[in-house]
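Enquirer: Return atomic coordinates for the entry below.
(2 chains)
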Amino acid sequence: ILNVEQSPQSLHVQEGDSTNFTCSFPSSNFYALHWYRWETAKSPEALFVMTLNGDEKKKGRISATLNTKEGYSYLYIKGSQPEDSATYLCASWRPSGYSTLTFGKGTMLLVSP
Amino acid sequence: GAVVSQHPSWVICKSGTSVKIECRSLDFQATTMFWYRQFPKQSLMLMATSNEGSKATYEQGVEKDKFLINHASLTLSTLTVTSAHPEDSSFYICSAPPPRLAGKYNEQFFGPGTRLTVL
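Expert: Sure thing, here's the model as predicted:
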C-alpha cells in the first residue's frame, strides 16, 4: 500500500501571507508526483506533474519542489489571495496496469481578505 | 482545455434503489476513465478503471457486482451503484487522461463529482 501524507490538514492565512504545505510519499520506486487544486463545487485542476529529484516548478504565485530521495514535496504560495482558497491535493503516480494515482487527504487553505 | 463533465452533481435515493452516474469527456476521447470515491475527511480512493470496449478493472475490496461500470463509447463511462445502502453514501468522482498527454505520467482531468446520499 502506498501512503501519501499531507500536512497541515487545514490552514487559515490572511491575504498577502505566503504559505507552504508538505506532501510526503514513499521514496522507493518513485515515478511521478502530481499536485492538484480543488475548489469547492469544481473539478480538481492539475497544477504540476513532477518527476525529477530537485525539480522545481512554478505557475504564477504557486511553486513546488520535489525531493525523491527523502520522499517529500513542498507547495508554496506567495502572497496568498482569497481566490487561492481551495483544497490542495498531492498524489503519487505509479504505473500499475493503466497507471494509478494514490492521493493524500489534502490541505484545505482558507485565505481571508 | 480538456473538460470532463459528470451528472448528476448530487443525488438522494432510497435504500435498495440503483443510481447511475455519468462521466463524459467533452472535447477529447478517453479510452480509459477512472472512478474514485471519497468518504468524509478521507483521500480520494480509486475504485475502478473503466476501459472502452472491455471490462472494467476493479481495485481490491470494491464489489464489481455492486458498482457496475459501462464504458460504451470513447466519451462516456457510467457507474451504477446497485441496491444502494446508506454506507454507499459518498462523493464519487471520475477522471480521464487526454490522449495527447499519454506518456507524460497521465495528468488527470477530473469531473466535478457526484454527491450520493442514500437514505
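Enquirer: quick one: pLDDT of the residue in chain A positioned nearest to chain B?
Expert: Nearest residue of chain A to chain B (Cβ to the nearest Cβ) works out as residue A:32 at 3.9 Å. C-beta here means a position set from N, CA and C on the backbone, and glycine is covered the same way. Listed pLDDT for residue A:32 reads 91.
Enquirer: what do you get for residue B:99?
Expert: Predicted confidence (pLDDT) for residue B:99: 68.
Enquirer: quick one on the thing from earlier: which residues sit in contact with the residue of chain A closest to chain B?
Expert: A:49, A:50, A:51, A:92, A:93, B:105 (Cβ atoms under 8 Å, 6 or more residues apart in numbering or on different chains).
Enquirer: Out of those residues, flag the one nearest to residue B:69.
Expert: residue A:93 (21.6 Å; Cβ to Cβ).
Enquirer: since we're on the closest one, how many residues are nearby?
Expert: 23 (other Cβ atoms under 10 Å in any protein chain shown).
Enquirer: picking up where we left off before, of the contacts of residue A:32, which qualify as buried by neighbour count?
Expert: Buried members of the contacts of residue A:32, scored by 16 or more other Cβ atoms under 10 Å in any protein chain shown, are A:49, A:50, A:92, A:93, B:105.
Enquirer: can I assume the first one is in contact with residue A:55?
Expert: No. With the criterion set as Cβ atoms under 8 Å, residue A:49 and residue A:55 do not qualify as a contacting pair; they are 9.9 Å apart.
Enquirer: got a list of what the residue most central in space within chain B touches?
Expert: Nearest to the mean C-alpha position of chain B, by Cα atoms, centre = their mean, lies residue B:35 at 3.3 Å. Residue B:35 is in contact with B:23, B:46-50, B:67, B:69, B:77, B:79, B:92-94, counting by Cβ under 8 Å, 6+ apart.
Enquirer: now do 10 Å
Expert: Shown in contact with residue B:35 (Cβ atoms under 10 Å, 6 or more residues apart in numbering or on different chains): B:21, B:23, B:45-50, B:56, B:58-59, B:62, B:67, B:69, B:77-79, B:92-95, B:111.
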